[in-house]
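Novice: please find the sequence and the predicted model below.
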Amino acid sequence: MKFFKPTLVAVALLAVAGCQEGAKEEAKAPVLEAEVQKQAYGLGASIGMYMQRNLEEHERLGLALEKELIVRGFVDSINDKSVMEQEEITALLTKLDETMKAKQQEIAVQESESSLATGQKFLEDNAKKEGVMVTESGIQYVVLTEGEGDKPAATDTVKVHYKGTFLNGETFDSSYDRGEPAVFPLNRVIRGWTEGVQLMSVGSKFKFTIPSDLAYGPNGNPPRIPGNSVLEFEIELLEIQKSEPAPQVGTAPADK
């Protein structure tokens, strides 16, 4: 957790302090005429937003911290009037860090269990839909466009356009959004991709529904993909880049 890096917290607390003062009286607009003034304000604003995100995470975990005390601790510290010794502060913040991690793990387990049940029900229902085919391993797919080119081997490198979504339709990754296709070795991705893309001919576009055990499994891919997530991908196979054959050591050159 990055919340307790002193240099970041010190600047962020300036923004928090400003918010507290603003609650008492209307804050005056800052003077931002010189570039160095804008830089100073920008640094405070940026780190203030960073601080706010961390405070929101504390609240989400049921570990809300009093902003007034945060501000008081900051002010006392810069005036060399802290009522706590550094050793005590370090011990307290270490304990808070450990508590946060335990809470995050607890929530992750709950979300993972929920995703598993939701995913299993979705796969059962989806397999019954017209046009959905199911592989022996459990991958479900629909042919959106059938190409006529070659099919890749697991050892090939492929160029694809794709969009990955959760079961609720939310996109978590998309080469279309980035404006350029992705290129990667087919045996260096999740198992569902390695197996599924080998079913495709160049020019094809398939929609895959990949069970969690063929995607990122119970651990997920934090922070974006929760554990046990069933994922859907629309994949368009654009090109196959064949792997180079391994040189045969000791083979005599061919006679000319």
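Specialist: Cool, got the structure.

Novice: quick one: the helices in this protein?
Specialist: Assigned by DSSP state H, the helices in the chain fall at 6-24, 35-60, 67-78, 86-126, 175-178, 191-197.

Novice: so which of those helices is the most surrounded?
Specialist: helix 191-197 (a mean of 21; mean count of other CB atoms under 10 Å). The C-beta positions use only the backbone N, C-alpha and C, and glycine is treated the same way.

Novice: show me the shaky parts of the stretch 151-256 of the chain.
Specialist: Applying pLDDT under 70 to the stretch 151-256 of the chain flags residues 243-256.

Novice: show me where it has strands.
Specialist: For the stretch 151-256 of the chain, the strands defined by DSSP state E, counting those that start in this stretch occupy 157-165, 171-174, 182-185, 205-210, 231-241.

Novice: in TSV: the helices of the chain, plus distance to Ala215.
Specialist: Listed next are the helices of the chain as TSV, based on distance: least, CB to CB, whole Å:
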stretch	distance to Ala215
helix 6-24	34
helix 35-60	25
helix 67-78	40
helix 86-126	10
helix 175-178	17
helix 191-197	6
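
Novice: single out the most deeply packed of the strands of the stretch 151-256 of the chain.
Specialist: strand 205-210 (a mean of 22).

Novice: elements contacting it?
Specialist: helix 86-126, strand 140-145, helix 191-197, strand 231-241 (3 or more CB pairs under 8 Å, 6 or more residues apart in numbering; DSSP states H and E).

Novice: which residues sit against it?
Specialist: Strand 205-210 is contacted by residues 122-123, 126, 132, 139-145, 147, 190, 192-193, 196, 199-200, 230-237 when judged by CB atoms under 8 Å, 6 or more residues apart in numbering.

Novice: repeat that for stretch 107-125.
Specialist: Stretch 107-125 is contacted by residues 61, 138, 140, 167, 209, 211-212, 218, 220, 222, 226-230 when judged by CB under 8 Å, 6+ apart.

Novice: next one: stretch 214-224
Specialist: Under the criterion CB under 8 Å, 6+ apart, residues 108, 112, 116, 137-139, 172-173, 190-192, 195, 212, 225-231 lie in contact with stretch 214-224.

Novice: what's the first-to-last distance across stretch 199-208?
Specialist: Length of stretch 199-208, first residue to last, CA to CA, to the nearest Å: 11 Å.

Novice: same question, stretch 144-157
Specialist: 22 Å.

Novice: name the residues of it that are buried.
Specialist: If you call a residue buried by 16 or more other CB atoms under 10 Å, then stretch 144-157 has these buried ones: Gly147, Pro152, Asp156, Thr157.

Novice: which residue is nearest the centroid of the protein?
Specialist: Geometric centre of the chain, nearest residue: Arg224, 2.9 Å, by CA atoms, centre = their mean.

Novice: separation between that one and Phe184?
Specialist: According to CB to CB, to the nearest Å, Arg224 stands 18 Å off from Phe184.
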